[in-house]
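> The following block contains a protein sequence and its predicted model.
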Amino acid sequence: MRLAAIDIGTNSIHMVVVEVKADFSFEVVDREKDMVRLGAGGLGGRALAPAAAEAAFETLVRFKQLASSREVEEILAVATSAVREARNGGEFLAAIEKRTGIRPRVVSGIEEARLIHKAAVYGVDASSGTTVVIDIGGGSMEVTLGTATEVHLARSFPLGAIRLTDRYVSSDPLSRSDERRLVKHIRAEFAAFAEQLTAAGFNRVIATSGTSLSLGEVALSGGRLFDGNSIHHTRVPAKALHRARKQVVDLDMQRRLRVPGLDSRRADLIVAGAVLLDTVVRLLNAKEITLCDLALREGLILDFIDRNRKRIAAAERYPDIRRRSVVELGERCRWYRTHSEHVARLALSLFDQTRGIHQVGDRAREWLEYAALLHDIGGHIAYEDHHKHSYYLIRHGGLRGFEPEEVEAIALMAQYHRRGRPKNSNPSLSSLPPDARRAVRVGSAMLRLAESLDRSHGQVIAEVELQPTGSRFRLVLRAHGPAELERWAASRHAAPLEKLLGKALTFQAVDLDHAEDADSLAPLHRAATPLRGRRRLGQAREARPARAEGGGVRR
């Protein structure tokens, strides 16, 4: 299963695309980010700036395209402090859904902290002891205390790099008086919680997200033991962090841009960020921090995995999202799985044996299979009119990977498995294109007969074979044991298929366990209207090797 997680942050929008494994771990297959500075106009209850909002829309459109190209099944998206605080945040989220189809939700500061902690302790070995996790964003700072499995304390502080820069960085380089004011503000906000954390005790401090990683690069520049593209899981001594703070604070913008390791896109925000991280680490009396490049978006992935283990296990069994979605809907509605799968096999067998007559393609075959699998789920509501309930549940069951037209066709096939026939007077049917309407008529006829062939729900009929016999067709029912109930039910529901074939049907039941007792049925005395322009059944038989998956047809 592939997932994408999007973090609509105050400074940047990040997306990660992952492949979730059978052991509930994940592997990153793509990443993307864009610095849009949403918080430049939306902090403190102000409205998001139109230019920043438009940049965010354009970024999310590209992210949606990337996720689609990576065959992502679900996009998880959250917005943080900039959208939380903006007075037009709700309008912004509604516009995202309208323009991109992505449905982000706003997370609280505490929930954001919990998700970040989950990601940090997944990415850095925190299997023993207690860990403090610090995440510095554009609008807020989240700090947690917990273990690899549990968060004990979580707080969100209005101490983001953009917020502090806007409020306290008025000179370049930063004046000593502004630096003192900034430190005083940080201490006023965080010192009490720092005392609580140090009193509780911890073994490690993990720092995540762009500000901390960028400052870590500066602190370690020229002093790394191992070279590599990532500093993830690297330890930075508190003294090196303090030196990096002094270095960026003492420089103006032009000289900061030349500092080795510093992300140039953060050169204007790194001053406040450096003072914040260094002050927090000093208040905690920590000797070092461990850098982690996993944060909120990975926390979203891990949280989804924890809540959807059954669904992920199903993804291993059914890699195709369409089939898995059908099975999940059936399971939610407590379907009769064995009966439904047996009916699907019989319906596909009838479909494959009559290809030369009905002349509808593989897309309709797939719809028929899924309609057969779901035809009885309406019984989850009530047995009476369960065919109508099945239609409703399929229409509104959240099937993934299907176009609306396909969902409608599947639902209609299921609806007509019991009584009535598809007519253009049905607005739902008439709204479909002609080829889909034809598919519904063909599929519902196959499904109705196939369902009657398991009237006992005992899977008595092992396989069926349609044989031309002059002016009629004979349907041979190869069964394990007596098949009187199935034969009787089939005779009652043969009319739609007879109309499709243009000939009447007779039935012959053969007991596979007692072949010598083969029983021939008298022809059904029912009028049949021949269909013009159809190929004879014999013409379709040349393609029989391709029908092996149709379900139990004797060759």
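Thanks, I have the structure now. Numbers count the residues shown, from 1 in each chain.
> wait, what's in contact with the spatially most central residue of the chain?
Geometric centre of the chain, nearest residue: Glu74, 2.2 Å, by CA atoms, centre = their mean. Counting by CB atoms under 8 Å, 6 or more residues apart in numbering, Glu74 touches 3-4, 304, 400. Where you see a C-beta, it was placed from the backbone N, CA and C, and this is true even at glycine.
> quick one: which of the residues you listed has the most company?
Among the contacts of Glu74, the one with the most neighbours (other CB atoms under 10 Å) is Ala4, at 27 neighbours.
> returning to what we had before: tabulate the contacts of Glu74 (TSV), appending distance to Gly216 and pLDDT.
Converted to TSV, the contacts of Glu74 look like this (distance: CB to CB, whole Å; pLDDT from 0 to 100):
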residue	distance to Gly216	pLDDT
Leu3	28	96
Ala4	27	97
Phe304	28	96
Arg400	40	83
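> Which ones among those lie within helices?
Phe304 (DSSP state H).
> which of the contacts of Glu74 lies closest to Leu145?
Closest approach between these and Leu145, by CB to CB: Phe304, at 24.1 Å.
> what's the burial count for the residue nearest to the closest one when sequence neighbours are not counted?
Residue nearest to Phe304 in three dimensions, not counting chain neighbours: Leu76, with 5.9 Å by CB to CB, 6 or more residues apart in numbering. Counted with other CB under 10 Å, residues neighbouring Leu76 total 21.
> any idea how far Leu76 is from Ile305?
Using CB to CB, to the nearest Å, Leu76 is found at 11 Å from Ile305.
> same thing with Gly9?
22 Å.
> So the two - more neighbours on which side?
Remark: of Gly9 and Ile305, Gly9 carries more neighbours, 32 against 19, as counted by other CB under 10 Å.
> Confirm for me that that one is in contact with Thr80.
Yes. Using CB atoms under 8 Å, Gly9 is in contact with Thr80, at 5.3 Å.
> can you list residues touching both of those two?
Common neighbours of Gly9 and Thr80 (CB under 8 Å, 6+ apart) are 137, 139, 296.
> which one of the residues you listed is nearest Ser68?
Using CB to CB, those come closest to Ser68 at Leu296, 22.4 Å.
> Find the nearest non-adjacent residue to that closest one, please.
Nearest one to Leu296, counting by CB to CB, 6+ apart, is Asp7 at 4.6 Å.
> Tell me which residues touch that neighbour, please.
13-15, 77-78, 80, 295-297, 300.
> for it, phi and psi?
phi -110, psi 110 (degrees, to the nearest 10).
> Please report the distance of the residue nearest to Glu217 when sequence neighbours are not counted from His232.
The shortest distance from Glu217 to any residue other than its chain neighbours is 3.4 Å, reached at Gly261 (CB to CB, 6+ apart). Distance, Gly261 to His232, by CB to CB: 15 Å.
> returning to what we had before: is the residue nearest to Phe304 in contact with Ala4, as I believe?
Yes. With contact defined as CB under 8 Å, Leu76 counts as touching Ala4 (7.0 Å).
> Disregarding residues adjacent in the polypeptide, which is nearest to Arg419?
Per CB to CB, 6+ apart, closest to Arg419 is His387, 7.0 Å.
> mind listing the strands for the stretch 1-150 of the chain?
Taking DSSP state E, counting those that start in this stretch as the criterion, the stretch 1-150 of the chain carries its strands at 2-8, 12-20, 26-35, 74-79, 105-106, 131-136, 141-146.
> what about those strands, which gets the closest to Ala409?
strand 74-79 (23.9 Å).
> Note down every partner strand of that closest one and its orientation.
Applying DSSP bridges, strand 74-79 is found paired with strand 2-8 (parallel), strand 105-106 (parallel).
> residues in contact with the longest helix belonging to the chain?
With DSSP H setting the assignment, residue counts place helix 176-200 as the longest helix in the chain. Residues outside helix 176-200 that contact it (CB under 8 Å, 6+ apart): 130, 132, 141, 143, 145, 152-153, 155, 157-159, 164, 167-171, 174, 249, 272, 275-276, 279-280, 283-285.
> Stretch 274-285 too?
132, 134, 136, 141, 143, 159, 161, 164, 174, 179, 182-183, 186-187, 190-191, 194, 197-198, 205, 207, 211-212, 215, 238, 241-242, 244-245, 248-249, 289.
> repeat that for 7 Å
132, 134, 136, 141, 159, 164, 179, 182-183, 186-187, 190-191, 194, 197-198, 205, 207, 211-212, 215, 238, 241-242, 244-245, 248-249, 289 (CB atoms under 7 Å, 6 or more residues apart in numbering).
> got it, and stretch 148-158?
109-110, 112-114, 117, 121, 126-127, 140-146, 189-190, 193, 196-197.
> in that stretch, what's buried?
Residues 148, 151, 153-158 are the ones in stretch 148-158 that count as buried (16 or more other CB atoms under 10 Å).
> how about stretch 202-222: buried residues?
Buried residues in stretch 202-222 (16+ other CB under 10 Å): 202, 204-220.
> Okay, and which of these map to helices?
Going by DSSP H, the helices hold 209-220 from these.
> What is the nearest of those residues to Tyr392?
So of those, ranked by how close each gets to Tyr392 (CB to CB), first place is Ser209, at 45.7 Å.
> Which pLDDT value goes with Asp517?
With respect to pLDDT, Asp517 scores 51.
> Also Ala347?
96.
> Okay, now the unreliable bits of the protein?
41-42, 222-230, 515-555 (pLDDT under 70).
> Now list the buried members of the contacts of helix 176-200.
Among the contacts of helix 176-200, the ones that count as buried (16+ other CB under 10 Å) are 130, 132, 141, 143, 145, 153, 155, 157-159, 164, 167-169, 174, 249, 272, 275-276, 279-280, 283-284.
> State the distance from the residue nearest to the centre of the chain to Ala5.
10 Å.
> Repeat that for Ala219.
Counting by CB to CB, the gap from Ala219 to Ala5 is 28 Å.
> neighbours around Arg438, how many?
16.
> which residues does it contact?
Val360.
> Assumed it was part of a helix.
Yes. Assigned with DSSP: H, G, I helix; E, B strand; the rest coil, Arg438 falls within a helix.
> What distance do you get for it to Leu213?
From Arg438 over to Leu213 (counting by CB to CB), the distance is 58 Å.
> end-to-end on stretch 195-214?
From its first residue to its last, stretch 195-214 covers 27 Å (CA to CA, to the nearest Å).
> related to what we said a few turns ago, any chance of the strands paired with strand 74-79 in a markdown table, plus distance to Ala364?
Formatted as a markdown table, those follow (distance: least, CB to CB, whole Å):
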| stretch | distance to Ala364 |
| --- | --- |
| strand 2-8 | 28 |
| strand 105-106 | 38 |
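> Can you say which of these is nearest to Pro482?
That would be strand 2-8 among those, by CB to CB, at 49.1 Å.
> Neighbour-wise, which one of the shared contacts of Gly9 and Thr80 leads?
Gly137 (32 neighbours).
> Would you mind measuring from that one to Asn285?
Taken as CB to CB, the span from Gly137 to Asn285 is 24 Å.
> And Ala314, by the same measure?
48 Å.
> And for Val183, the neighbour number?
If we define neighbours as other CB under 10 Å, then Val183 has 16 of them.
> Ok, Ser68 next?
12.
> With that, I have no additional questions.
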